[in-house]
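Asker: would you be able to build a 3D model of this:
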Amino acid sequence: MKFSYEKIGAWSATFATETAVEGQVVKMSADHTVAACASGDPFCGVADIVRNGICGVQMHGMAKVVYSGSTPAIGNAVLTADGKGGVCTASAGQTYLVVAVDTTNKTCVIKL
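Answerer: Numbering: from 1, shown residues only. Prediction:
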């Protein structure tokens with residue numbers, strides 16, 4: 001049986017951006033503005049569609065993200081941005097619920 005959590009409970013907001021890339025985690029950088037994350041940054045969501053300096057950001061619900069470094073454990077995990085558009089485990093920061101991990105593709109599904 002195949003499970004899909006894609007976009008369950010998702011809600012998004014629109015922001016200005018100059019650096020966000022679709023599918024990558026983003027951070028707040030100014031009023032009404034998001035930016036790509038540097039390594040270790042806390043993230044506010046995942047960039048959805050980016051066009052002409054405007055970005056839809058999924059800020060809640062289930063999202064698939066790329067991870068680097070150690071494989072996140074299923075359950076509650078502290079995650080930060082890895083500086084390459086994905087996430088990585090950390091010793092301090094925001095805790096996210098990890099519901100699935102794909103070690104082949106280095107992705108995980110988290111609850112934002």
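Asker: residues near the spatially closest residue to residue 85 that is not a sequence neighbour, how many?
Answerer: Once flanking residues are discounted, residue 85 sits nearest to residue 24: 3.3 Å by Cβ to Cβ, 6 or more residues apart in numbering. Where you see a C-beta, it was placed from the backbone N, CA and C, and this is true even at glycine. Other residues near residue 24 come to 21 when the count uses other Cβ atoms under 10 Å.
Asker: and residue 24, what does it touch?
Answerer: By Cβ atoms under 8 Å, 6 or more residues apart in numbering, the contact set of residue 24 is 36, 37, 46, 47, 66, 85, 86.
Asker: and the furthest pair within the residues you listed?
Answerer: Spatial extent of the contacts of residue 24 (Cβ to Cβ) is set by the pair 36 and 66 at 13.3 Å.
Asker: now the common contact residues for these two.
Answerer: 24, 85.
Asker: can you map out the strands along the chain?
Answerer: Secondary structure of the chain (DSSP state E): strands located at 11-17, 25-30, 33-36, 45-51, 54-60, 62-66, 75-81, 87-89, 95-102, 107-111.
Asker: those strands: which one's closest to residue 2?
Answerer: Per Cβ to Cβ, nearest to residue 2 of the strands of the chain: strand 95-102, 10.9 Å.
Asker: still on that earlier bit, make TSV from the contacts of residue 24 and add distance to residue 6 to it.
Answerer: Shown next, in TSV, are the contacts of residue 24 (distance: Cβ to Cβ, whole Å):
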residue	distance to residue 6
36	22
37	22
46	11
47	15
66	15
85	18
86	17
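Asker: now neighbour count too, for these, in JSON lines please.
Answerer: Below are the contacts of residue 24 laid out as JSON lines (neighbours: other Cβ atoms under 10 Å):
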{"residue": "36", "neighbour count": "21"}
{"residue": "37", "neighbour count": "25"}
{"residue": "46", "neighbour count": "26"}
{"residue": "47", "neighbour count": "24"}
{"residue": "66", "neighbour count": "18"}
{"residue": "85", "neighbour count": "20"}
{"residue": "86", "neighbour count": "22"}
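Asker: pLDDT added to those, as JSON lines?
Answerer: Output for those, formatted as JSON lines (pLDDT from 0 to 100):
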{"residue": "36", "pLDDT": "98"}
{"residue": "37", "pLDDT": "98"}
{"residue": "46", "pLDDT": "98"}
{"residue": "47", "pLDDT": "98"}
{"residue": "66", "pLDDT": "98"}
{"residue": "85", "pLDDT": "98"}
{"residue": "86", "pLDDT": "98"}
